[in-house]
Each structure stands twice: as structure tokens, then as C-alpha cells.
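# Structure here, sequence nowhere to be found:
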């Protein structure tokens, strides 16, 4: 049977429930980027915030563009976290998803460049 929600890639209900807390506790960088990409404001593409894919939770996901956007704080500079991120990214790439990573500082200091990079990864939606 086909999934009614293929954009979750088989995520468990437990993982999906965890996203609710993460949405309430978003970082300032996430909230700033969300203001720009929500409600199909970016070239007509729909983004989901704190979205569950498989057993991971990604910061932003566009199913139409098969694009994940991750905003990384200082914790992502720790070697163990870098290792985890690399393994996670490999699994998500196997699902044929593209991942863009930006630092929180990128969002605060150069939001226009972040948006331009995202736009370059998206094709116009089919009519």
C-alpha cells in the first residue's frame, strides 16, 4: 500500500510527535529563515519546518524540490556531531534528497545569499 504521506519516508509516529516540540522551540535563525520561505513565498515552493524524514528531523524540507535545509549552530563543529551529520547526510542522500547546510551566522549576516543559494537548487514547480 502506498503511503498517504510519502514526504515522511516511513517516519515513526514517535519521531513525528517530537517535531512539535522542536517547532515550538525554534532558534532565532530558523525563525528568521522561516519568515522568508513559508507559505510558498520562495518561487512557489512549499517548505515544511522541523520535518520528519525516516527517523531524522530536518530543519526545513521541500518535497517538490527534494531539498533539505539545515541550519547549524556551534555544536555542529564538534567532531562527534560532524561524524553523525555525515552519516545522516549519507542516508538522506540515498533517498535522493539534496541537503544545503548554512550556519546560523550565515542567516543573520547574509540572508540574501542564503536565499539565492536555495533558489538555485529549486526548479520552478510544474503547472
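Structure received. From a predicted model like this one, the values you see are computed outputs, not experimental measurements. Numbers count the residues shown, from 1 in each chain.

# Mind checking which residue lies nearest the centre of this protein?
By C-alpha atoms, centre = their mean, the mean C-alpha position of the chain lies nearest to residue 60, the distance being 2.5 Å.

# For that one, give the beta-bridge partners.
Each beta-bridge partner of residue 60 is listed here, defined by DSSP bridges: residue 49, residue 69.

# From what I see, it and residue 33 are in contact.
Yes - look at residue 60 against residue 33 with C-beta atoms under 8 Å: they come within range, at 7.1 Å. All C-beta atoms are positioned from the backbone trio N, CA, C, and that covers glycine.

# overlap in contacts of the two?
Shared contacts of residue 60 and residue 33 (C-beta atoms under 8 Å, 6 or more residues apart in numbering): residue 69.

# What does the pLDDT read for the residue nearest to the centre of the chain?
At residue 60, the model reports a pLDDT of 96.

# Same question for residue 6.
Residue-level confidence at residue 6 comes out at 55, pLDDT.

# Can you spell out which helices and strands pack onto whatever helix or strand residue 35 lives in?
With the criterion set as DSSP states H and E, the secondary-structure element containing residue 35 is helix 28-37. Packing contacts for helix 28-37, counted by 3 or more C-beta pairs under 8 Å, 6 or more residues apart in numbering; DSSP states H and E, involve strand 56-62, strand 67-72, helix 104-109, helix 111-120.

# buried stuff in it?
29, 30, 32, 33, 34, 37 (16 or more other C-beta atoms under 10 Å).
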